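> Quick one: sequence and predicted model below, then my questions.
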Amino acid sequence: MYDFDTVPDRVPTGCVKWSARRELCGEEDAIPLWVADMDFPVAPEIQEAIRARAEHPIYGYPVRQDGFYESLTGWTRRRYGWEIRREWICYSPGIVPAVNLAVLAFTRPGDKVVIQSPVYYPFGAAVLNNGRRLLDNPLRLEGDRYVMDLPDLERKIDSRTKLLILCSPHNPVGRVWTREELSALAELCARKNLVVVSDEIHADIVMPGRRHTCFAAISEDAASRSLTCLAVSKTFNLAGLCTANVVIPDRRLRDGFSTAAGNLGLGTSNVFGIAAQEAAYTKGEPWLEELIRYVRGNYLRLKTVLEGGIPGIRVLPLEGTYLAWADCRGLGMSDPELKDFFLHKAKVWLDEGIKFGTGGSGFQRFNLACPRATLDAALDRILSAYEARRAAD
Ligand SMILES: Cc1ncc(COP(=O)(O)O)c(C=O)c1O
């Protein structure tokens, strides 16, 4: 019903993925499969809501009203089985700002903050740029499945450890954490009295047969020590509208977060983001279901073509997100060589695994939210570069 196949021309739109390739990666003609936004048009229902709001030509300070809140509470109830109250919902212009605000609000300089690498790299930046210390609790790769290493975390936590930043589902490794895994983590966080920022921005892109569990829905204790970050930005390709939600059931944590946001003057929502979120959460489900099927098709194509054509690459299972994580260690290349191969020889611009921290070396992340023709063109380029390399050896 929806069109995911047409290849759009995004170059004239001033977007980070396509419009500044020469400046950002040095390859004007590279096919970009890195930054996590989609080369798909927004659902027509959302376009219509934005158009309708634009029709009224005054875009002054907005206020979020009933429809905005009810769209989110309805969504968390229907999609994740989690009942939330309107007063728990705080505004943030994005999830990265929310993570930074949580670091400012709930830790002091020199305190330790846990991340589970390889992980979305702005988490580490939020800790270090604010003068806090990183406590890395790397994931363990068991066969082709990543798991949390809770004994390692238990050993490392000390009295200066205050906060844990959870990525759920996990970018870049593609895990959708199970209720059991999250319960074990929640139990440890309760014992060690950690606040948890649960970044659930990828919660809606879960593959068939998987179900997202909200960390805060695990138990009353988990709810009382957590901030849950939710947004329409990844799910519906609306990152440019700078609108996100932070759900904070505990009054004390909510006050702390709101004070930190207020101190930085981050109070004003985005007029179009409000309209878009309401439309997305009330009318977007049919589009989302088709999107997930399309992404799954792209994942299977990527896995079949890469593993069939290049023996040194293994594409790990994709449980959630539209980001595939490929183990390229079998190619025997260093990280700079991998970058040279993909970006400068194949002219396909990926996110380098090494950027995601411990355990990322030798991996590459592929963004699958693109028309199949774009993916196929990128795969052709990679296979040709591989053949050329073999011929030269
Ligand atoms: C785990 C995760 N958190 C946050 C973001 C970005 O959030 P925002 O654009 O709302 O700051 C991304 C984008 O890829 C992400 O993968």
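Yep, that arrived.
> CA atoms for contacts and neighbours, from now on please.
Will do.
> Now do the longest helix seen in the chain: which elements does it pack against?
Identified as the longest helix of the chain according to DSSP state H is helix 285-309. Packing partners of helix 285-309 (3 or more C-alpha pairs under 8 Å, 6 or more residues apart in numbering; DSSP states H and E): strand 314-315, helix 372-392.
> Which one of those lies nearest to residue 108?
strand 314-315 (39.8 Å; C-alpha to C-alpha).
> about what we covered before: okay, the helices and strands packed on helix 285-309 in CSV with distance to residue 86, mean pLDDT and mean neighbour count next?
Formatted as CSV, those follow (distance: least, C-alpha to C-alpha, whole Å; pLDDT from 0 to 100; neighbours: other C-alpha atoms under 10 Å):
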stretch, distance to residue 86, mean pLDDT, mean neighbour count
strand 314-315, 41, 98, 21
helix 372-392, 40, 97, 16
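> Any idea which of those gets closest to residue 139?
The nearest among the helices and strands packed on helix 285-309, by C-alpha to C-alpha, is strand 314-315 at 17.2 Å.
> which other residues reach that closest one?
Contact partners of strand 314-315, identified using C-alpha atoms under 8 Å, 6 or more residues apart in numbering, comprise 302, 303, 306, 307, 324, 325, 326, 327, 328.
> From those, keep the buried residues only.
302, 303, 306, 324, 325, 326, 327, 328 (16 or more other C-alpha atoms under 10 Å).
> contacts for whichever strand in the chain runs longest?
The single longest strand within the chain, with elements called by DSSP state E, is strand 161-167. For strand 161-167, contacts defined as C-alpha under 8 Å, 6+ apart pick out 99, 103, 106-107, 111-116, 119-120, 123, 135, 193-200.
> List the buried residues in stretch 121-132.
121, 122, 123, 124, 126, 127, 128, 130, 131, 132.
> Residue 259 and residue 90, how far apart?
11 Å (C-alpha to C-alpha, to the nearest Å).
> Would you state the predicted confidence (pLDDT) at the residue of the chain found nearest the ligand?
Proximity to the ligand, evaluated over the chain using C-alpha to the nearest ligand atom, is greatest for residue 94 at 3.3 Å. Looking at residue 94, its pLDDT stands at 97.
> from what I can see it touches residue 244, true?
Yes. Residue 94 lies in contact with residue 244 (C-alpha atoms under 8 Å); the separation is 5.0 Å.
> The contacts of strand 161-167 also near the ligand: which ones?
120, 199 (C-alpha under 6 Å from any ligand atom).
> Which of the contacts of strand 161-167 fall in helices?
Reading helices off the contacts of strand 161-167 with DSSP H, I get 99, 103, 106, 123.
> can you name the two of the residues you listed that are farthest apart?
Spanning the widest gap among these are 106 and 123, at 14.9 Å by C-alpha to C-alpha.
> Tally up the residues packed near residue 323, please.
For residue 323, the neighbour count with other C-alpha atoms under 10 Å is 26.
> which residues does it form a beta bridge with?
residue 367 (DSSP bridges).
> List the contacts of it.
36, 171, 172, 174, 365, 366, 367, 368, 369.
> Need these in CSV (columns: pLDDT).
Formatted as CSV, those follow (pLDDT from 0 to 100):
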residue, pLDDT
36, 95
171, 98
172, 98
174, 98
365, 98
366, 98
367, 98
368, 98
369, 98
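> of those, buried ones?
36, 171, 172, 174, 365, 366, 367, 368, 369.
> Now render those as TSV, adding distance to residue 342.
Formatted as TSV, those follow (distance: C-alpha to C-alpha, whole Å):
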residue	distance to residue 342
36	18
171	20
172	18
174	21
365	11
366	11
367	14
368	16
369	19
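> Tell me how many other residues surround the closest residue to residue 235 other than its chain neighbours.
Spatially, and ignoring its direct neighbours in sequence, residue 235 is nearest to residue 204 (6.0 Å; C-alpha to C-alpha, 6 or more residues apart in numbering). Using other C-alpha under 10 Å, residue 204 has 24 neighbouring residues.
> and if you look at residue 320?
There are 29 residues near residue 320, going by other C-alpha under 10 Å.
> And residue 330, by the same measure?
Residue 330, neighbours per other C-alpha under 10 Å, totals 13.
> Leaving out chain neighbours, which residue sits closest to it?
Using C-alpha to C-alpha, 6+ apart, the nearest residue to residue 330 is residue 312, at 3.9 Å.
> now swap in residue 89 and tell me
Per C-alpha to C-alpha, 6+ apart, closest to residue 89 is residue 247, 4.6 Å.
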